[in-house]
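**Student:** Pasted the sequence and its predicted model underneath.
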Amino acid sequence: MPLTLATWNVNSLKVRLPHLLDWLATHRVDIVCLQETKLVDEQFPAAALADAGYSAVYAGQKTYNGVALLTRAVTLPPGADVVRGLPAFEDPQKRLIAATVGPVRVVCAYFPNGQAVGSEKYDYKLRWIAALNAWLRDELARHPGLALAGDFNIAPEDRDVHDPKVWAGQVLFSEPEKQAFRELIGLGLVDSFRLFDQPDRSYTWWDYRMQAFRRKMGLRIDHVLLSTSLARNCTACSIDVEPRRREQPSDHAPVIVTLAP
DNA sequence: ATGGCATGACAATCATGA
């Protein structure tokens, strides 16, 4: 049986739970990485997800950030080696959770937004990614089969941006951010989406304003990077835009990868 | 030039997102 893994920034799990449950029932993805749950752990909808057949580990906070990792086909044993937050990077913001799920070391990440180039938040973004990079080097040495999935808040190439001229030098598309993305690739990771032919104007995020989705004015900022050993077994990667068409959608669409055994 | 839209905390606006 192939293994499927998805990442989705739900922009409030409380608001988006009905969408998520519908989506899980339809797609039955084995592993799901969620970002921007915006829920403290006490309010995580573990029971509703268990009813849907998913067990979960999570790291949340009030109002902002928050990540979770759901598993269906593969149960999370006590020895799943769950990591919450980047070790050696003191940070109250809940942006990372990792666990070993069957053959895959799954790292679910919500990269900082950065707000504006040159701002304090932008500096924090670059430092956070540098700390992630350093930690991943060790993780990859210990776990050859690793997936880094999440909202990277970086559009790596011109074709990932609806209007690269407008976005040039802006946050999410500035050179230091793209360089940081390339340095993650340099660890021995592969952008699974680009292993396959993809439709033109493939994006994962569209602004709520200006009818950006309808006008295909988006960015591809949500990614699944695979270690080379996993990439060899990757048979598909796609963006599911259907949830973005619904009423009261998340501004992000899920990305799904399929891994052959 | 600015805000547009959405969410959450909080009780009228404000912080944040991307």
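**Tutor:** Nice, I can see it. The model shown is predicted, which means the values in this text are computed figures rather than measured ones. Residues are numbered from 1 along each chain as shown, chains lettered A, B, ... in the order given.

**Student:** CA atoms for contacts and neighbours, from now on please.
**Tutor:** Will do.

**Student:** Now do A:Gly188, the pLDDT please.
**Tutor:** At A:Gly188 the predicted local distance difference test score is 98.

**Student:** neighbours around it, how many?
**Tutor:** 15 (other CA atoms under 10 Å).

**Student:** ok, now how distant is it from A:Cys234?
**Tutor:** In this structure, A:Gly188 lies at 15 Å from A:Cys234, with CA to CA, to the nearest Å as the measure.

**Student:** and the closest residue in space to A:Arg244 that isn't next to it in sequence, how many neighbours?
**Tutor:** With CA to CA, 6 or more residues apart in numbering as the measure, A:Ala253 is the residue that lies nearest to A:Arg244, at 6.0 Å, once sequence neighbours are left out. Each residue near A:Ala253 was counted by other CA under 10 Å, and the total is 24.

**Student:** Contacts only, for the residue positioned nearest the centre of chain A.
**Tutor:** With distances taken as CA atoms, centre = their mean, A:Gly150 lies nearest the centre of chain A, 1.1 Å away. If a contact means CA atoms under 8 Å, 6 or more residues apart in numbering, then A:Gly150 has A:7-9, A:33-35, A:108-111, A:222-224 as its contacts.

**Student:** Give me the distance between A:Ala180 and A:Ser202.
**Tutor:** Distance of A:Ala180 to A:Ser202, given as CA to CA: 22 Å.

**Student:** In the stretch 1-150 of chain A, mark out all the helices, start to finish.
**Tutor:** A:13-27, A:46-51, A:120-142 (DSSP state H, counting those that start in this stretch).

**Student:** Of these, which is nearest A:Leu172?
**Tutor:** Smallest distance to A:Leu172 across these (CA to CA): 9.7 Å, for helix A:120-142.

**Student:** From the chain's centroid, how far away is the closest one?
**Tutor:** Centroid separation between helix A:120-142 and its chain, computed with CA atoms, centre = their mean, to the nearest Å, is 15 Å.

**Student:** which residues of the stretch 101-250 of chain A fall in strands?
**Tutor:** Counting by DSSP state E, counting those that start in this stretch, one finds strands in the stretch 101-250 of chain A at the ranges A:104-110, A:146-151, A:189-191, A:205-206, A:218-219, A:222-227, A:234-239.

**Student:** need the ones you listed in CSV with distance to DNA strand B, can you?
**Tutor:** Below are the strands of the stretch 101-250 of chain A laid out as CSV (distance: least, CA to the nearest atom of the strand, whole Å):
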stretch, distance to DNA strand B
strand A:104-110, 8
strand A:146-151, 7
strand A:189-191, 18
strand A:205-206, 6
strand A:218-219, 6
strand A:222-227, 9
strand A:234-239, 15
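
**Student:** so how far does stretch A:211-229 reach from one end to the other?
**Tutor:** 40 Å.

**Student:** Show me what counts as buried in that stretch.
**Tutor:** Buried residues in stretch A:211-229, defined by neighbour count with 16 or more other CA atoms under 10 Å: A:213, A:217-228.

**Student:** So which residues make contact with it?
**Tutor:** Contact partners of stretch A:211-229, identified using CA under 8 Å, 6+ apart, comprise A:7-8, A:140, A:144-156, A:160-163, A:172, A:185, A:188-193, A:201-207, A:244, A:255, A:257.

**Student:** Hmm, A:Gly169 is touching A:Glu175, no?
**Tutor:** Yes - taking contact to mean CA atoms under 8 Å, the distance of 6.7 Å between A:Gly169 and A:Glu175 places them in contact.

**Student:** what does chain A put close to DNA strand B?
**Tutor:** Chain A has residues A:11-16, A:38-39, A:62-64, A:112-115, A:121, A:153, A:172, A:205-210, A:219, A:221, A:248-250 near DNA strand B, with proximity defined as CA under 7 Å from any atom of the strand.
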